[in-house]
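>>> quick one: sequence and predicted model below, then my questions.
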Amino acid sequence: MKQTHRASCHCGAVTFEADVDLASESRRCNCTYCAKTRYWKSFVGTDDIRLLTGAGNLSDYRAPDSLWPPGHIHHYFCKTCGVQVYSKGFLDQMGGWFYALNLAVLDDVPPEELALVPITYEDGIADKQMEPPRVTAYL
Ligand SMILES: [Zn+2]
């Protein structure tokens, strides 16, 4: 069941609410971007993230060599502290626009609950998001 959580970047300039079901699934991926940022994402709908403060403090990065059409995935991060808060993307197989929430920026979830979030591993480097990579322990 979705619950509303508070989230923020490290410096606190960017704050938002996110509706997410932490008992459903999260994803760790070995693609070049997710591996370098240690991204821990959960897909949510476009109505599930509501920015509270810091709209002007957000910048977005679009990987030129994205596995998807360039420009379709926007990685939003705080200009001051550099912490990525969520990505917004468009994929037909996801039903259009979606957010990939960074679970690491949730402020009100205790470690015991974070430890129970199911993780699905994606072999993004091989463009096989539905299959786990050979090695997952480092992700
Ligand atoms: Zn910040």
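Cool, got the structure.
>>> show me where this structure has helices.
32-37, 111-114 (DSSP state H).
>>> where among those helices is the average confidence lowest?
Among the helices of the chain, helix 32-37 carries the lowest mean pLDDT, at a mean of 91.
>>> still on that earlier bit, right, so the helices of the chain: which one is the most enclosed?
helix 32-37 (a mean of 16; mean count of other CB atoms under 10 Å). Heads up, the C-betas are built off the backbone N, CA and C, glycines and all.
>>> pull that one out as PDB, backbone CA atoms only.
C-alpha atoms of helix 32-37 as PDB (Å, rounded to 0.1, in the frame of the first residue of the first chain):
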ATOM      1  CA  THR A  32      26.800   3.100 -16.100                       C
ATOM      2  CA  TYR A  33      24.700   5.700 -14.500                       C
ATOM      3  CA  CYS A  34      23.000   3.700 -11.700                       C
ATOM      4  CA  ALA A  35      26.300   2.000 -10.700                       C
ATOM      5  CA  LYS A  36      28.200   5.300 -10.400                       C
ATOM      6  CA  THR A  37      25.500   7.000  -8.400                       C
END
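>>> residues making contact with that helix?
28-29, 39, 41, 63, 65-66, 75, 84, 122, 124-125, 139 (CB atoms under 8 Å, 6 or more residues apart in numbering).
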